[in-house]
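J.: predicted model follows, preceded by the sequence.
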Amino acid sequence: MLIIKTLGKVNISHRGEDISEKLSHKMVALICLLVIYNGREAGKEKIAAYFWPDSDDEASKYNLRYSLWMIRKLIPKDKKGESLITVGKDSCRINEKYDFTCDKILLDRFQAKKGSSIQELEELRRQFQGDFLEGLYLKNCNEFNELILFERVVCQNKQIQILKELADLYEKAGKREDELVILKEMAMIEPYNETFVRRIMEALAAIGNRPAAIQAFKRFETVLRRDLNIQPEQHLKAMHASMLTAPCVGNPDGTKVSITNRKRIHIKVRCMKGVDYFLLAGIVSELLRVADKSYIMDIEEQYLLDLGFIQNELLLAYEAQSSRKVKIPDSVPDVRIINAFCKFIHHVSQVYEMDIDVVDALEIDVVSQNIIKHVRQTEPLNQYFHFSFDADIM
């Protein structure tokens with residue numbers, strides 16, 4: 001079977017063999033153009049105008065004949081004797097009887113309907129591996145390049161349509177975690193869409209993660225202000241305000257934390273004698289591994305920089321998320337590192353409840369031992385951070 005992949009980097013394979021490299025860029029583009037026509041006749045004059053706009057009539061006709069001949073040579077007939085491209089006197093088209101599959105054609109055939117299943121929609125979702133004809137550009141073929149840009153918008157709109165229907169089905173089935181994954185994917189495609197943000201906040205609140213819903217609003221508010229210099233609509237602000245005024249409990253510093261069903265996670269960390277902050281650095285590293293990075297790093301940058309002094313993985317993750325370089329400080333006073341760690345885990349505790357197994361506890365460094373002792377004695381942190389040691393050290 002021939003497989004044509006157009007959503008992402010173009011790939012054409014026949015019976016498991018990649019033949020994309022054997023075809024010229026214009027031959028690949030010609031196949032993709034006929035895919036766009038989706039079984040309809042494409043006039044030869046129009047095709048020639050797309051790919052050889054600066055050539056005279058005879059030269060462009062020859063180039064087209066040669067390209068079609070090479071495609072037929074490199075992509076043989078199927079077992080039924082059918083060719084991929086049906087060529088007529090004045091036009092040509094993709095032969096729908098040929099034994100092949102193409103992601104773009106599957107996408108074009110999709111029509112939103114109530115009868116679509118989660119499995120069907122997930123299969124369509126998996127087709128999206130990038131932009132339509134990603135990286136394909138033909139020099140001096142402006143009309144064809146503009147057509148690609150138009151089709152990318154068409155594909156993106158279809159992708160949103162599929163994802164929206166999939167999110168609706170997950171919500172109806174009560175699978176809010178799966179719905180969240182889809183909604184976040186939609187928000188990445190359209191980062192300024194308030195409807196998507198509202199649904200993300202609703203889904204997070206529905207699974208008992210109201211702090212994360214509040215953070216989602218704050219991130220969206222920041223993006224709008226930074227990129228467009230506007231504020232969220234009033235209805236979204238009202239939704240955010242209602243979440244902030246829900247029943248709360250107090251923290252020692254006077255701030256409020258919403259009561260919520262925190263997600264429980266389990267980590268294991270080791271100790272190393274004589275290396276200050278070794279245990280704390282291990283806790284931060286494990287949190288980066290198992291928790292939502294975008295949430296746990298959504299605190300004041302100075303705290304991240306101070307804490308990054310003992311765990312550079314935090315700085316690397318922050319650089320990846322913010323798309324900018326941060327300067328590693330030459331030194332940070334102990335009091336600032338301790339304060340940053342406490343602020344960090346307090347922030348984490350708004351969403352997560354943690355079970356922390358400490359291995360080689362007899363080797364714990366003095367600084368980490370004192371800070372962990374402080375955490376275990378501090379309300380409400382000790383409600384959400386549970387330490388167990390393989391030796392009696394506290």
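T.: Cool, got the structure. None of these values were measured; they are calculated from a predicted model.

J.: show me what contacts residue 318?
T.: 297, 301, 304, 308, 326 (Cβ atoms under 8 Å, 6 or more residues apart in numbering). C-betas here are computed from N, CA, C, even on glycine.

J.: state the three-state secondary structure for residue 106.
T.: helix (DSSP: H, G, I helix; E, B strand; the rest coil).

J.: so what's the residue count around it?
T.: As a burial measure, residue 106 scores 13 neighbours (other Cβ atoms under 10 Å).

J.: from memory it sits against residue 126, does it?
T.: No - at 10.5 Å, residue 106 does not count as touching residue 126 under the criterion of Cβ atoms under 8 Å.

J.: which stretches of the protein have low pLDDT?
T.: 112-114, 245-261, 394 (pLDDT under 70).

J.: can you tell me how far residue 57 is from residue 64?
T.: Separation of residue 57 from residue 64 (Cβ to Cβ, to the nearest Å) stands at 11 Å.

J.: those two: who's more crowded?
T.: Shown here are residue 57 and residue 64; by other Cβ under 10 Å, residue 64 has more neighbours (22 against 10).

J.: please, where are all the strands along this structure?
T.: All strands of the chain, identified by DSSP state E, fall at 2-5, 11-14, 17-18, 42-43, 85-87, 91-94, 100-102, 248-250, 256-258, 263-270, 352-359, 385-389.

J.: what lies in contact with the fourth one?
T.: To tie it back to what came earlier, the one meant is strand 42-43. 33, 34, 90, 91, 92, 93.

J.: work out the gap between that strand and the centre of the chain.
T.: Put simply, strand 42-43 sits 38 Å off its chain's centre (Cα atoms, centre = their mean, to the nearest Å).

J.: within its sheet, name the partner strands of that strand and how each one runs.
T.: strand 91-94 (antiparallel) (DSSP bridges).

J.: and the second one, by the same measure?
T.: Within its sheet, and counting by DSSP bridges, strand 11-14 is paired with strand 2-5 (antiparallel), strand 17-18 (antiparallel).

J.: hmm, back to that, could the contacts of strand 42-43 go into a markdown table alongside distance to residue 372 and neighbour count?
T.: Converted to a markdown table, those look like this (distance: Cβ to Cβ, whole Å; neighbours: other Cβ atoms under 10 Å):
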| residue | distance to residue 372 | neighbour count |
| --- | --- | --- |
| 33 | 64 | 22 |
| 34 | 66 | 22 |
| 90 | 80 | 8 |
| 91 | 76 | 16 |
| 92 | 73 | 21 |
| 93 | 71 | 16 |
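
J.: and the furthest pair within those?
T.: 33 and 90 (16.0 Å; Cβ to Cβ).

J.: distance of the closest residue to residue 306 other than its chain neighbours relative to residue 39?
T.: The shortest distance from residue 306 to any non-neighbouring residue, by Cβ to Cβ, 6 or more residues apart in numbering, is to residue 340 (3.9 Å). Look at residue 340 and residue 39: by Cβ to Cβ, they are 61 Å apart.

J.: out of these two, which sits in the more crowded spot?
T.: residue 340 (25 against 13).

J.: I'd assumed residue 301 was in contact with the more buried one.
T.: No - counting by Cβ under 8 Å, residue 340 does not reach residue 301; the two are 10.7 Å apart.

J.: tally of neighbours for the closest residue to residue 71 other than its chain neighbours?
T.: Residue nearest to residue 71 in three dimensions, not counting chain neighbours: residue 27, with 5.6 Å by Cβ to Cβ, 6+ apart. Residue 27 has 20 neighbours, counted by other Cβ under 10 Å.

J.: separation between residue 27 and residue 64?
T.: 11 Å.

J.: what's the answer for residue 37, then?
T.: In terms of Cβ to Cβ, residue 37 sits 15 Å off from residue 64.

J.: ok, residue 187 next?
T.: Taking Cβ to Cβ, one finds residue 187 at 43 Å from residue 64.

J.: next one: residue 108
T.: 24 Å.

J.: now do residue 172
T.: Distance from residue 172 to residue 64, by Cβ to Cβ: 50 Å.

J.: now swap in residue 286 and tell me
T.: Separation of residue 286 from residue 64 (Cβ to Cβ) stands at 60 Å.

J.: so what are the domain limits for this protein?
T.: 2-125, 262-389 (automatic domain parsing).

J.: so which of the ones you listed comes closest to residue 177?
T.: domain 262-389 (9.9 Å).

J.: ends of that closest one, how far apart?
T.: The first and last residues of domain 262-389 sit 23 Å apart, counting by Cα to Cα, to the nearest Å.

J.: what's the answer for stretch 322-331, then?
T.: Across stretch 322-331, first to last residue, Cα to Cα, it's 23 Å.

J.: residues making contact with that stretch?
T.: By Cβ under 8 Å, 6+ apart, stretch 322-331 touches 301, 305, 306, 308, 309, 312, 315, 318, 319.

J.: hmm, try it at 10 Å
T.: For stretch 322-331, the external contacting residues (Cβ atoms under 10 Å, 6 or more residues apart in numbering) are 297, 301, 304-306, 308-309, 312, 315-316, 318-319, 336.

J.: out of the residues you listed, name the ones that lie in helices.
T.: 301, 304, 305, 306, 308, 312, 315, 316, 318, 319, 336 (DSSP state H).

J.: turn those into a markdown table, including distance to residue 79.
T.: Formatted as a markdown table, these follow (distance: Cβ to Cβ, whole Å):
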| residue | distance to residue 79 |
| --- | --- |
| 301 | 62 |
| 304 | 60 |
| 305 | 64 |
| 306 | 67 |
| 308 | 60 |
| 312 | 58 |
| 315 | 57 |
| 316 | 52 |
| 318 | 55 |
| 319 | 53 |
| 336 | 71 |
